[in-house]
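Trainee: Return atomic coordinates for the entry below.
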Amino acid sequence: MESMLKKLVREVDSYILEAQGFLQILNAHSQYITIQTGQSRQAPITPSPTKRTCLGDTASKEVWVGTPFPGSRSWDSEDNDEEWGRTHSLSSQSTKVRVPQKLEKIWKLKHGTPVLATALSSFTRHAFTCGSDGVKVWSLASQTVENPVPETHLHIQTQGSMVHTCHLTSDSTTLLMAGNSVAGVSVWDLKAPTLHMKSKLPSSGFACQALASSLENNLALGSLSNGIIRIWDLRSGQVVRYSPDPATKIVVMDQQVWAGSQEGSLQCWDLQNLTEPQKYQFDSQITALSPHPQEDFVLVGLSSGQQWLQPTSGGLRQMVGCKEDTILDLTFSPKGQWWVSVGMDNLLSIYHMPAGTPGLQVARSSSIVCCDVAQNDRLLITGSRNHCTLYQIQY
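Mentor: Next up is the predicted model:
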């Protein structure tokens, strides 16, 4: 009888821990569902005995610690020699269709706290996982390790602070990171032999909810919690422009900025010229955006679970699939022949262009909040609860 009671207590404790973890995720991801406005305090980052870079706003300094990257660089991009021309016709897809036939789970990256964002860099062969305790950097140079550990941990110790958004530039050589109670937007140089923060973009104490960039124009964009989209020059770090229209998600496509709001408004405006934005209205909150890498479409994910292809050069939008619950993230594959969509339905779902034909699905035990696909079209990563899962894509 006593042993049965002990077993029951252990099971109850396990359920309580799971419930607490789930509540942490819901609280941390409330910004995916509802914009949280107001100022956030700047958070000090604790130093480490290894080599460090100290940069920050005038009011405070942050210390981020880096370790050397492996000498190896870009992954081999097999089958990436096929060139596509940009067009705005869905019928112009490549004749050589490559869609995933199988997802093989390689690693479970145990971040330790609820994961809020993730990214894969083909340039350095690294995965980045972001959460309330900072950013962890995982080397993917060798996929034979059974229990991987982070190569670097960029700590945050201030209570209530978190890194909940990160963005890789299109060439995978620069990483932008931001969040709540974190001073400004950190710009990391992934080309350097040591993980190096080369600049800090000021955000006037406001939380940054989404990031985007334009390498062609040397610009970074951040959607702040005060309802302003701020645009910085990546070379000088200076603010060059504001947009007064609030947004929870932003992407850059050529010279266009696409911004989605909590009210379901999708706006498009020119990155160079101050013109009146084009506006498109959806029925529910825009929770995810992804520009097509080759064609003139932006993929829109909604809190209702709907997915839409919005033409960037005029024309009627097209609904391309629907999930059973809120979409939290989605992204096109590097060639744009398919995309991955994740959310509160506990499913990793793959859809095929051009009509959104359902493909592979992987069920998880809880909501999947973020995802990314490597530029070599071979690896896919998702974040759920306190860990990320890395998959190898088989065609």
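Trainee: With Leu299 as the reference, measure out to the nearest residue to Asp270 once chain neighbours are set aside.
Mentor: Computed as C-beta to C-beta, 6 or more residues apart in numbering, the closest residue to Asp270 that is not its neighbour in sequence is Gln255, at 5.9 Å. (Glycine included, C-beta is placed from N, CA and C.) Distance from Gln255 to Leu299, counting by C-beta to C-beta, to the nearest Å: 19 Å.
Trainee: These two: who's more crowded?
Mentor: Remark: of Gln255 and Leu299, Leu299 carries more neighbours, 24 against 13, as counted by other C-beta atoms under 10 Å.
Trainee: so who does the residue nearest to Asp270 touch?
Mentor: 214, 217, 270-272 (C-beta atoms under 8 Å, 6 or more residues apart in numbering).
Trainee: Gly237: what's it in contact with?
Mentor: Going by C-beta under 8 Å, 6+ apart, Gly237 touches 187, 199-202.
Trainee: Most neighbours of all these, which one?
Mentor: Leu201 (24 neighbours).
Trainee: Please, where are all the helices along the stretch 101-250 of the chain?
Mentor: Applying DSSP state H, counting those that start in this stretch to the stretch 101-250 of the chain gives no helices.
Trainee: any idea how far the nearest residue to Met319 once chain neighbours are set aside is from Ser161?
Mentor: The spatially closest residue to Met319, leaving aside those adjacent along the chain, is Trp308, at 5.4 Å (C-beta to C-beta, 6+ apart). Separation of Trp308 from Ser161 (C-beta to C-beta) stands at 34 Å.
Trainee: And for Leu175?
Mentor: 18 Å.
Trainee: Equivalent analysis for Ile393, please.
Mentor: 34 Å.
Trainee: With Ser122 instead?
Mentor: In terms of C-beta to C-beta, Ser122 sits 29 Å off from Ser161.
Trainee: One more: Leu215?
Mentor: Counting by C-beta to C-beta - Leu215 and Ser161 are separated by 29 Å.
Trainee: Please apply the same query to Asp245.
Mentor: Distance from Asp245 to Ser161, by C-beta to C-beta: 27 Å.
Trainee: next one: Leu116
Mentor: 12 Å.
Trainee: Overlap in contacts, the two.
Mentor: Common neighbours of Leu116 and Ser161, using C-beta under 8 Å, 6+ apart, are 132, 179.
Trainee: Kindly tell me how buried Asp372 is, as a neighbour count.
Mentor: So Asp372, with other C-beta under 10 Å, has 23 neighbours.
Trainee: To what extent is the residue nearest to Arg385 when sequence neighbours are not counted buried, counted in neighbours?
Mentor: Leaving aside its chain neighbours, Arg385 sits nearest to Ser366 (5.2 Å; criterion: C-beta to C-beta, 6+ apart). The local packing of Ser366 (other C-beta under 10 Å) involves 14 other residues.
Trainee: can you give me phi and psi for Ser366?
Mentor: phi -150, psi 180 (degrees, to the nearest 10).
Trainee: again with the one 10 residues further on
Mentor: Main-chain torsions, Asn376, degrees, to the nearest 10: phi -80, psi 0.
Trainee: My guess is it contacts Phe123. True?
Mentor: No: at 10.3 Å, Asn376 does not count as touching Phe123 under the criterion of C-beta atoms under 8 Å.
Trainee: what about the helix or strand harbouring Ile393, average pLDDT?
Mentor: Using DSSP states H and E, Ile393 sits in strand 387-394. For strand 387-394, mean pLDDT rounds to 96.
Trainee: correct me, but Gln318 touches Trp308?
Mentor: Yes: using C-beta under 8 Å, Gln318 is in contact with Trp308, at 6.7 Å.
Trainee: okay, these two: which has more neighbours?
Mentor: Trp308 (21 against 15).
Trainee: my read: that one touches Gly321, true?
Mentor: No: with contact defined as C-beta under 8 Å, Trp308 does not count as touching Gly321 (9.3 Å).
Trainee: so where's the stretch 101-250 of the chain uncertain?
Mentor: 143-145, 157-158 (pLDDT under 70).
Trainee: just the strands in it please.
Mentor: 102-110, 115-121, 126-131, 134-139, 152-155, 162-168, 174-180, 185-189, 196-201, 208-214, 219-224, 229-233, 239-243, 249-253 (DSSP state E, counting those that start in this stretch).
Trainee: do you know which of those lies nearest Val340?
Mentor: strand 102-110 (9.5 Å; C-beta to C-beta).
Trainee: The closest one pairs with which strands?
Mentor: strand 387-394 (antiparallel) (DSSP bridges).
Trainee: now the partner strand against strand 115-121, angle please.
Mentor: 40 degrees (axes from the mean of the first three to the mean of the last three C-alpha atoms, to 10 degrees).
Trainee: Name the residues of strand 387-394 that are buried.
Mentor: When neighbours are counted by 16 or more other C-beta atoms under 10 Å, the buried residues of strand 387-394 are found to be 387-391, 393.
Trainee: same check, this time on stretch 152-160
Mentor: The neighbour-count check on stretch 152-160 (16+ other C-beta under 10 Å) flags 152-154, 156 as buried.
Trainee: Farthest pair within the residues you listed?
Mentor: Thr152 and Ile156 (13.6 Å).
Trainee: looking at the sheet around the closest residue in space to Ala247 that isn't next to it in sequence, what are its partners?
Mentor: With sequence-adjacent residues excluded and distances taken as C-beta to C-beta, 6+ apart, Ala247 is closest to Ala259, at 3.6 Å. As for beta bridges, Ala259 partners with Ile250, Gln267 under DSSP bridges.
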